[in-house]
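> Give me coordinates for this.
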Amino acid sequence: MKTLRQNQRKGGVDNRVIWIITIIVTVILAVVAFIRLSQDSDERPHDLETVTIAQTADFFLYAPVYIALDKGFFSQEGLDVKLISTGGDEKTWAAVLSGNADFGVSDPTFVAIAAQRGQPGIVIASIVNGVPFWGVTFRENVPMITDPADLKGYSIATFPSPSTAYTLQARMFAEAGLEPEIREGAFGTLLQILKAERADIALELEPNVSQAVEQGARVVYSLARRYGEFAITALTTKPEKLRNDEDQVRRVILALQKALNFAHRNKTESVEILRKRFPEISPTVAQAAFERALADGIVPESVVVGSGAWTKALELRRDSGDLTGDAGHDLLDNRYANWAYKEANK
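Just a heads-up that it's a prediction; the model follows:
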């Protein structure tokens, strides 16, 4: 009986020791977790400002915006950026005008078109600097197109009129004195038109161009190389944004310039960032598409919108009848872009 009591007391002591050790370990783990959480919180920016950027849709060539967001350049500038897709260039600018977005990423000439109706905006940074269309073909008899006259006898599939692709392709035919042979097709259908032999050449965007090349197509001309700098996609906002929140404007554009620097200096990692956003694109296609966009100047080195690039974009809209006179020339403001480029390249 004595031995039994001793064993019970001993068992009770053992249980209390185990219980005390458990409590101590739990407290230690909690303290360690608290310290780590505090350290992580110190490393993250506090009081991020919410900024909404409207875009037409998720486009691979909007790479500077995605890199700025996913690499953390926006958050470094104290910004919590929310992207919304509108489904159209005019809808993107409408979102900014209505106050549903602070900035827009789309064809900036819609700002000029809206200004004619008394709804002015400001073009403040370059996103895509060049006409991002390449002529691709599966036909072996189609030569390299080095002059508009080389288009004689060939039909081209493009996005519908009055798209930039259609308008510039029609201009190429006109420059050679040729009657336009254009087959219009919706986004995502041009390669199918080509494969169905309803057109000889398709004027396509990346990454569709590199996807076609992987399937056996050839690139026979580049509108980017033909027309040079061209303000086809830019960051836009309302004039009152510049007056009332100049500091935020500066930080948004600085983040974009940092993203451009990163894109040109870290190509492989930039492609990895883009593939997480576009997982349906194969690694080889994504790499080829990004390399082509860099080589043809589609992904600019600077957020500054060249005056020549802006003039070309406006002239195209005048040719199509969307703009009249000198409308739009006073809507370009490079003050913040010039500052951001210098600041990011100190």
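> Run a quick neighbour tally on the residue lying closest to Pro143 once chain neighbours are set aside.
Distance criterion C-beta to C-beta, 6 or more residues apart in numbering; nearest residue to Pro143, sequence neighbours excluded, is Asp150 at 6.3 Å. Where you see a C-beta, it was placed from the backbone N, CA and C, and this is true even at glycine. By the criterion of other C-beta atoms under 10 Å, Asp150 has 16 neighbours.
> Can I take it that Asp150 is in a helix?
Yes: counting by DSSP: H, G, I helix; E, B strand; the rest coil, Asp150 falls inside a helix.
> wait, Ser307 sits on Asp333?
No: the criterion here is C-beta atoms under 8 Å, and Ser307 misses it with Asp333 at 11.7 Å.
> Tell me which of the two has more neighbours.
More crowded of Ser307 and Asp333, by other C-beta under 10 Å: Asp333, with 17 against 13.
> The more buried one against Ala125, yeah?
No: the pair Asp333 / Ala125 is not scored as a contact, 9.6 Å apart, by C-beta under 8 Å.
> Which secondary structure element is home to the residue nearest to Ser302 when sequence neighbours are not counted?
Take Ser302 and drop its neighbours on the chain: the residue closest to it by C-beta to C-beta, 6+ apart is Tyr341, 5.0 Å away. Using DSSP states H and E, Tyr341 falls within helix 335-344.
> likewise Ala259?
With DSSP H and E as the test, Ala259 turns up in helix 246-265.
> In this protein, where is pLDDT below threshold?
Residue ranges of the chain with pLDDT under 70: 1-46.
> all strands of the stretch 201-346 of the chain, in order?
Using DSSP state E, counting those that start in this stretch, the strands of the stretch 201-346 of the chain run over 201-204, 218-222, 231-237.
> got those strands as a markdown table, with mean neighbour count and distance to Val303 columns?
Below are the strands of the stretch 201-346 of the chain laid out as a markdown table (neighbours: other C-beta atoms under 10 Å; distance: least, C-beta to C-beta, whole Å):
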| stretch | mean neighbour count | distance to Val303 |
| --- | --- | --- |
| strand 201-204 | 27 | 26 |
| strand 218-222 | 19 | 23 |
| strand 231-237 | 26 | 8 |
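> For Gly297, find the nearest of those strands.
For the strands of the stretch 201-346 of the chain, the distance to Gly297 is smallest for strand 218-222, at 10.1 Å, taking C-beta to C-beta.
> got a list of contacts for that closest one?
For strand 218-222, contacts defined as C-beta atoms under 8 Å, 6 or more residues apart in numbering pick out 133-138, 142-146, 201, 209, 213, 296.
> where do the helices sit along the stretch 101-250 of the chain?
Using DSSP state H, counting those that start in this stretch, the helices of the stretch 101-250 of the chain run over 109-115, 164-175, 190-195, 208-214, 223-227, 239-244, 246-265.
> Show me what counts as buried in stretch 253-268.
Buried positions in stretch 253-268, judged by neighbour count with 16 or more other C-beta atoms under 10 Å: Ile253, Leu254, Ala255, Leu256, Gln257, Lys258, Ala259, Leu260, Asn261, Phe262, Ala263.
> nearest spatial neighbour of the third one, skipping sequence neighbours?
Looking back up the chat, that one is Ala255. Phe73 (4.1 Å).
> How many residues are close by the one you found?
25.
> Likewise for the one 10 residues further on?
If you count neighbours by other C-beta under 10 Å, Leu83 ends up with 16.
> that's a strand at it, yeah?
Yes: with three-state DSSP as the criterion, Leu83 is assigned to a strand.
> How about it: what's its closest non-neighbour residue?
Excluding the flanking residues, the one nearest Leu83 by C-beta to C-beta, 6+ apart is Ile53, at 5.6 Å.
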